[in-house]
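>>> Sequence first, then the predicted structure, then my questions.
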Amino acid sequence: MSVMRKFYYGILLGGALSACRPPTPNTSPIQLLAGNDQPLSATTPGSWRKVHPEKEQTLQQFRAASVLGDTSRRTIQLLLVGPPDPKADTLLALIAEHLQLYFQLPVKLLPPDSTIPPAGFTRTGASGQIQWRADWLLDKVLHPLSAPGVAATAGVTSIDLYPSDSWNFVMGLASYHRQVSISSWYRLQPPGVHKSISPQLLTRLLKTITHETGHMLGLAHCQHAACSMNGSNSVSEADRQPLRLCSQCLQKLSSLHAADLVKRNSRLMQWYRHHRVPNLAQELTADSISLSSYAHIFSYIGR
Ligand SMILES: [Zn+2]
Ligand SMILES: [Zn+2]
């Protein structure tokens, strides 16, 4: 039986430029980035780590569990689930570009799927909104889309979701074992803004999808530092957590899928600035400084 993880994401706007020690030839990029990790926020009543205490996932546990251990599986699939929405094409194109840069994996957009869950898997929420069972969508809509070469399949929907009758809602749900996820932007829109894609909606949705994709690729909730893979129990808790992956989570991914971290960081910063979410670029400023000194050392050694 697959284990479902209640999703959540996070942000803490980038802290001070932490100690950027001059790199030595033996210093790896990950070691440099570790100096920029920001501490976990303190737990408060109702916060994710207070309500759901979890053990730290080791590098060995990640490597044993991650789909990236199979080098033939590298593609992330992305599609709209549920009714058409005027924002969907733009949102999905942005998400696809971002996932490609963030995980350094190819992303394939699939045609929308407008399947409606049957009775028993839909209900009316507290505000009169339609809600769909997230696990039904994972099982019946997303899992059947898996194909050779696919590492993960991410669904995105405008419909509010719930994972079981005892939960009020869930913003996203992922399965570690079947590499599928569903995320909703229903609760991520600022009040009164529904026709345009605001920076706040884009930021929140990027955090949600990125967090869920991290789960699909085998990352558990991060216990090491402020990180995209921190669990979160509410939109406001997620708003305070970063989109930046901490050095330990990045090391896990890099151990199975090598990436040029200098280029990754630079392109992500450019992308955030171009799409008017400079707060996300700011999170990577210290990393940019650290990695530029790494790139300099290696260009010097290479002469
Ligand atoms: Zn999660
Ligand atoms: Zn982390």
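Received, thanks. Numbers count the residues shown, from 1 in each chain. Ligands and ions are numbered 1, 2, ... in the order given.
>>> show me where the stretch 201-303 of the chain has helices.
Listed in chain order, the helices of the stretch 201-303 of the chain (DSSP state H, counting those that start in this stretch) span 235-239, 247-256, 261-274, 278-283, 285-301.
>>> how about the second one, does it get close to ligand 2?
Yes - applying Cβ under 5 Å from the ion, one finds helix 247-256 in contact with ligand 2 at residue 249. Where you see a C-beta, it was placed from the backbone N, CA and C, and this is true even at glycine.
>>> Flag every residue of this protein that's near ligand 2.
Counting by Cβ under 5 Å from the ion, the residues of the chain that sit close to ligand 2 are 222, 227, 229, 246, 249.
>>> want to throw the residues you listed into TSV with pLDDT and distance to residue 286?
Listed next are those as TSV, based on pLDDT from 0 to 100; distance: Cβ to Cβ, whole Å:
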residue	pLDDT	distance to residue 286
222	97	18
227	98	14
229	97	19
246	98	12
249	98	16
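>>> in which helix or strand would I find residue 154?
Secondary structure from DSSP states H and E places residue 154 in strand 150-157.
>>> So for that strand, mean pLDDT?
Per-residue confidence for strand 150-157 averages out to 98 on the pLDDT scale.
>>> after that strand comes which helix or strand?
As the chain continues past strand 150-157, the following element, by DSSP H and E, is strand 160-162.
>>> So which residues make contact with that following strand?
123, 125, 129-134, 137, 168-173, 182, 184, 186-187 (Cβ atoms under 8 Å, 6 or more residues apart in numbering).
>>> next one: stretch 74-82
Outside stretch 74-82, the residues touching it (Cβ under 8 Å, 6+ apart) are 68, 88, 92, 95-96, 99-100, 103, 105-116, 132, 137, 141-142, 145, 147, 149-159, 182, 213, 257.
>>> for the residue positioned nearest the centre of the chain, what are its contacts?
When the chain is reduced to its mean C-alpha position, the closest residue under Cα atoms, centre = their mean turns out to be residue 210, at 1.5 Å. Residue 210 is in contact with 9, 98-99, 102, 228, 243, counting by Cβ under 8 Å, 6+ apart.
>>> Then residue 121?
132-133, 136.
>>> What is the neighbour count of the residue nearest to residue 163 when sequence neighbours are not counted?
By the measure of Cβ to Cβ, 6 or more residues apart in numbering, the closest residue to residue 163 outside its immediate chain neighbours is residue 170, 4.5 Å from it. By the measure other Cβ atoms under 10 Å, the count of residues near residue 170 is 23.
>>> so what's the backbone phi/psi at residue 170?
Note on residue 170: backbone dihedrals following degrees, to the nearest 10 are phi -150, psi 140.
>>> That one reaches residue 134, doesn't it?
Yes - contact status for residue 170 versus residue 134: in contact at 5.6 Å, counting by Cβ atoms under 8 Å.
>>> got any residues that touch both of the two?
Residues within reach of residue 170 and of residue 134 at once, by Cβ under 8 Å, 6+ apart, are 161-163.
>>> Specify which member of those is nearest to ligand 2.
Nearest to ligand 2 out of the shared contacts of residue 170 and residue 134 is residue 163 (Cβ to the ion; 23.3 Å).
>>> wait, the closest one sits on residue 134?
Yes - between residue 163 and residue 134 there is a contact under Cβ under 8 Å: 5.0 Å.
>>> circling back to that earlier point, narrow the contacts of strand 160-162 to those that are buried.
Buried residues within the contacts of strand 160-162, defined by neighbour count using 16 or more other Cβ atoms under 10 Å: 131-134, 137, 169-173, 182, 184, 186.
>>> ok, of those residues, which one's closest to ligand 1?
residue 172 (7.6 Å).
>>> okay, the contacts of residue 121 in a markdown table with distance to residue 198 next?
Converted to a markdown table, these look like this (distance: Cβ to Cβ, whole Å):
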| residue | distance to residue 198 |
| --- | --- |
| 132 | 24 |
| 133 | 28 |
| 136 | 30 |
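>>> What about those, which are in strands?
Judged by DSSP state E, the subset of these located in strands is 132-133.
>>> The contacts of residue 121 also near ligand 1: which ones?
Filtered for proximity to ligand 1 (Cβ under 5 Å from the ion), these leave an empty set.
>>> export the contacts of residue 121 to CSV and tack on pLDDT?
Formatted as CSV, the entries for these read as follows, by pLDDT from 0 to 100:
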residue, pLDDT
132, 98
133, 98
136, 97
